[in-house]
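Q: predicted model and sequence below, questions to follow.
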Amino acid sequence: MTLIDTAGLRESSDAVEQIGVFRAREKAKAADLILWLSEASAPVPPGVQGGEVWPVFTKCDLLSPDEKSSLDQGVWISAETGKNIDVLIKRMEDFARAAVAAAMRA
Ligand SMILES: Nc1nc2c(ncn2[C@@H]2O[C@H](COP(=O)(O)OP(=O)(O)OP(=O)(O)O)[C@@H](O)[C@H]2O)c(=O)[nH]1
Ligand SMILES: [Mg+2]
(Lines give C-alpha, C1' and ligand atoms only; values in the text may rest on other atoms or scores of the structure.)
(Ligands and ions follow the chains in the order given, each with its own letter.)
Protein backbone atom coordinates (compact mmCIF):
# COMPACT_ATOMS: atom_id res chain seq x y z
CA MET A 1 0.00 0.00 0.00
CA THR A 2 1.32 3.44 -0.94
CA LEU A 3 -0.02 6.52 0.80
CA ILE A 4 0.54 9.84 -0.95
CA ASP A 5 -0.06 13.33 0.43
CA THR A 6 -0.51 15.61 -2.57
CA ALA A 7 -0.55 19.35 -3.04
CA GLY A 8 -3.90 20.97 -2.29
CA LEU A 9 -6.13 21.23 -5.39
CA ARG A 10 -6.53 24.97 -5.52
CA GLU A 11 -6.61 27.43 -8.40
CA SER A 12 -3.35 29.27 -8.54
CA SER A 13 -1.39 31.53 -10.85
CA ASP A 14 1.86 30.25 -9.35
CA ALA A 15 3.59 27.95 -11.90
CA VAL A 16 5.19 25.69 -9.29
CA GLU A 17 1.90 25.27 -7.45
CA GLN A 18 0.12 24.50 -10.76
CA ILE A 19 2.62 21.67 -11.36
CA GLY A 20 1.84 20.32 -7.89
CA VAL A 21 -1.89 20.40 -8.62
CA PHE A 22 -1.37 18.67 -12.00
CA ARG A 23 0.67 15.93 -10.32
CA ALA A 24 -1.98 15.52 -7.62
CA ARG A 25 -4.66 14.97 -10.29
CA GLU A 26 -2.46 12.40 -12.07
CA LYS A 27 -1.92 10.53 -8.77
CA ALA A 28 -5.67 10.62 -8.07
CA LYS A 29 -6.46 8.99 -11.44
CA ALA A 30 -4.32 6.00 -10.48
CA ALA A 31 -5.45 5.78 -6.84
CA ASP A 32 -7.68 3.05 -5.40
CA LEU A 33 -8.88 5.37 -2.62
CA ILE A 34 -8.89 9.15 -2.41
CA LEU A 35 -9.32 10.99 0.88
CA TRP A 36 -10.82 14.38 0.00
CA LEU A 37 -9.82 16.62 2.89
CA SER A 38 -11.50 19.96 3.37
CA GLU A 39 -12.05 22.14 6.37
CA ALA A 40 -15.19 21.24 8.30
CA SER A 41 -16.12 24.92 8.61
CA ALA A 42 -15.98 25.34 4.81
CA PRO A 43 -16.45 21.90 3.24
CA VAL A 44 -15.63 21.53 -0.46
CA PRO A 45 -17.48 18.85 -2.47
CA PRO A 46 -15.10 16.27 -3.94
CA GLY A 47 -13.62 17.64 -7.18
CA VAL A 48 -11.35 14.90 -8.37
CA GLN A 49 -11.50 11.93 -10.70
CA GLY A 50 -10.07 8.58 -9.78
CA GLY A 51 -10.88 5.74 -7.43
CA GLU A 52 -13.34 5.69 -4.55
CA VAL A 53 -13.54 9.13 -2.92
CA TRP A 54 -14.19 9.71 0.79
CA PRO A 55 -14.94 13.20 2.08
CA VAL A 56 -12.94 13.91 5.25
CA PHE A 57 -13.65 17.08 7.24
CA THR A 58 -10.61 18.54 8.95
CA LYS A 59 -10.06 20.84 11.93
CA CYS A 60 -13.27 19.68 13.61
CA ASP A 61 -11.88 21.05 16.89
CA LEU A 62 -12.77 24.52 15.53
CA LEU A 63 -16.48 23.72 15.07
CA SER A 64 -19.35 24.64 17.36
CA PRO A 65 -21.73 21.79 18.34
CA ASP A 66 -24.36 23.23 15.92
CA GLU A 67 -21.91 23.18 13.04
CA LYS A 68 -20.94 19.62 13.92
CA SER A 69 -24.53 18.41 13.78
CA SER A 70 -24.91 19.82 10.25
CA LEU A 71 -22.08 17.60 8.98
CA ASP A 72 -23.46 14.13 8.59
CA GLN A 73 -21.53 12.49 5.78
CA GLY A 74 -17.91 11.54 5.91
CA VAL A 75 -15.45 11.45 8.78
CA TRP A 76 -14.61 14.55 10.82
CA ILE A 77 -11.13 14.61 12.17
CA SER A 78 -8.83 16.88 14.08
CA ALA A 79 -5.06 16.65 13.76
CA GLU A 80 -4.99 19.03 16.72
CA THR A 81 -6.90 16.80 19.18
CA GLY A 82 -6.57 13.45 17.37
CA LYS A 83 -10.39 13.15 17.19
CA ASN A 84 -11.53 10.28 14.92
CA ILE A 85 -8.06 9.66 13.50
CA ASP A 86 -8.36 6.08 14.82
CA VAL A 87 -11.76 5.74 13.09
CA LEU A 88 -10.32 6.93 9.79
CA ILE A 89 -7.31 4.61 10.03
CA LYS A 90 -9.59 1.66 10.81
CA ARG A 91 -11.76 2.42 7.75
CA MET A 92 -8.67 2.68 5.57
CA GLU A 93 -7.38 -0.64 6.92
CA ASP A 94 -10.72 -2.30 6.15
CA PHE A 95 -10.70 -0.80 2.65
CA ALA A 96 -7.13 -2.00 2.01
CA ARG A 97 -7.90 -5.48 3.34
CA ALA A 98 -10.94 -5.78 1.05
CA ALA A 99 -8.99 -4.45 -1.95
CA VAL A 100 -6.17 -6.93 -1.41
CA ALA A 101 -8.62 -9.80 -1.01
CA ALA A 102 -10.40 -8.80 -4.23
CA ALA A 103 -7.08 -8.55 -6.10
CA MET A 104 -6.08 -12.03 -4.89
CA ARG A 105 -9.38 -13.51 -6.10
CA ALA A 106 -9.02 -11.87 -9.55
N1 LIG B 1 -7.13 23.90 14.67
C2 LIG B 1 -6.58 23.03 13.82
N3 LIG B 1 -5.62 23.42 12.94
C4 LIG B 1 -5.10 22.50 12.09
C5 LIG B 1 -5.53 21.15 12.07
N6 LIG B 1 -4.85 20.49 11.10
C7 LIG B 1 -4.03 21.37 10.54
N8 LIG B 1 -4.16 22.60 11.12
C9 LIG B 1 -3.42 23.83 10.77
O10 LIG B 1 -3.75 24.21 9.45
C11 LIG B 1 -2.62 24.74 8.76
C12 LIG B 1 -2.43 24.03 7.42
O13 LIG B 1 -2.15 22.68 7.67
P14 LIG B 1 -1.50 21.76 6.55
O15 LIG B 1 -1.50 20.37 7.10
O16 LIG B 1 -0.20 22.33 6.10
O17 LIG B 1 -2.54 21.90 5.37
P18 LIG B 1 -2.51 21.26 3.89
O19 LIG B 1 -3.92 21.11 3.50
O20 LIG B 1 -1.63 20.06 3.85
O21 LIG B 1 -1.90 22.41 2.99
P22 LIG B 1 -1.29 22.25 1.51
O23 LIG B 1 -0.41 21.02 1.51
O24 LIG B 1 -0.52 23.52 1.33
O25 LIG B 1 -2.44 22.13 0.57
C26 LIG B 1 -1.45 24.60 9.74
O27 LIG B 1 -1.26 25.86 10.35
C28 LIG B 1 -1.93 23.56 10.74
O29 LIG B 1 -1.36 23.78 12.03
C30 LIG B 1 -6.55 20.76 13.04
O31 LIG B 1 -7.02 19.62 13.12
N32 LIG B 1 -7.05 21.74 13.86
MG1 LIG C 1 -0.10 19.51 2.68
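A: Cool, got the structure. Ligands and ions are numbered 1, 2, ... in the order given.

Q: flag every residue of this protein that's near ligand 1.
A: 7, 8, 58, 59, 61, 62, 78, 79, 80 (CB under 6 Å from any ligand atom). In short, each C-beta sits where N, CA and C put it, glycine included.

Q: report the buried members of the residues you listed.
A: 7, 58, 59, 78 (16 or more other CB atoms under 10 Å).

Q: in helices only, show me these.
A: Among those, no member falls in helices (DSSP state H).

Q: among the residues you listed, which ones are in strands?
A: Among those, the members falling in strands (DSSP state E) are residue 58.

Q: the protein: helices as residue ranges?
A: 15-30, 65-70, 85-105.

Q: report pLDDT for residue 6.
A: As predicted, residue 6 sits at a pLDDT of 92.

Q: so who does it touch?
A: The contact partners of residue 6, by CB atoms under 8 Å, 6 or more residues apart in numbering, come to 20, 23, 24, 27, 28.

Q: per-residue confidence for the first one?
A: Reading off the per-residue confidence, residue 20 sits at a pLDDT of 93.

Q: now it, nearest residue through space, not along the chain?
A: Nearest residue to residue 20, sequence neighbours excluded (CB to CB, 6 or more residues apart in numbering): residue 7, at 3.1 Å.

Q: so that neighbour touches residue 23, yeah?
A: Yes. If you go by CB atoms under 8 Å, residue 7 and residue 23 touch, sitting 7.0 Å apart.

Q: if we can go back for a sec, any chance of the residues of the chain next to ligand 1 in JSON lines, with distance to residue 36 too?
A: Output for the residues of the chain next to ligand 1, formatted as JSON lines (distance: CB to CB, whole Å):
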{"residue": "7", "distance to residue 36": "14"}
{"residue": "8", "distance to residue 36": "11"}
{"residue": "58", "distance to residue 36": "10"}
{"residue": "59", "distance to residue 36": "15"}
{"residue": "61", "distance to residue 36": "19"}
{"residue": "62", "distance to residue 36": "19"}
{"residue": "78", "distance to residue 36": "17"}
{"residue": "79", "distance to residue 36": "16"}
{"residue": "80", "distance to residue 36": "20"}
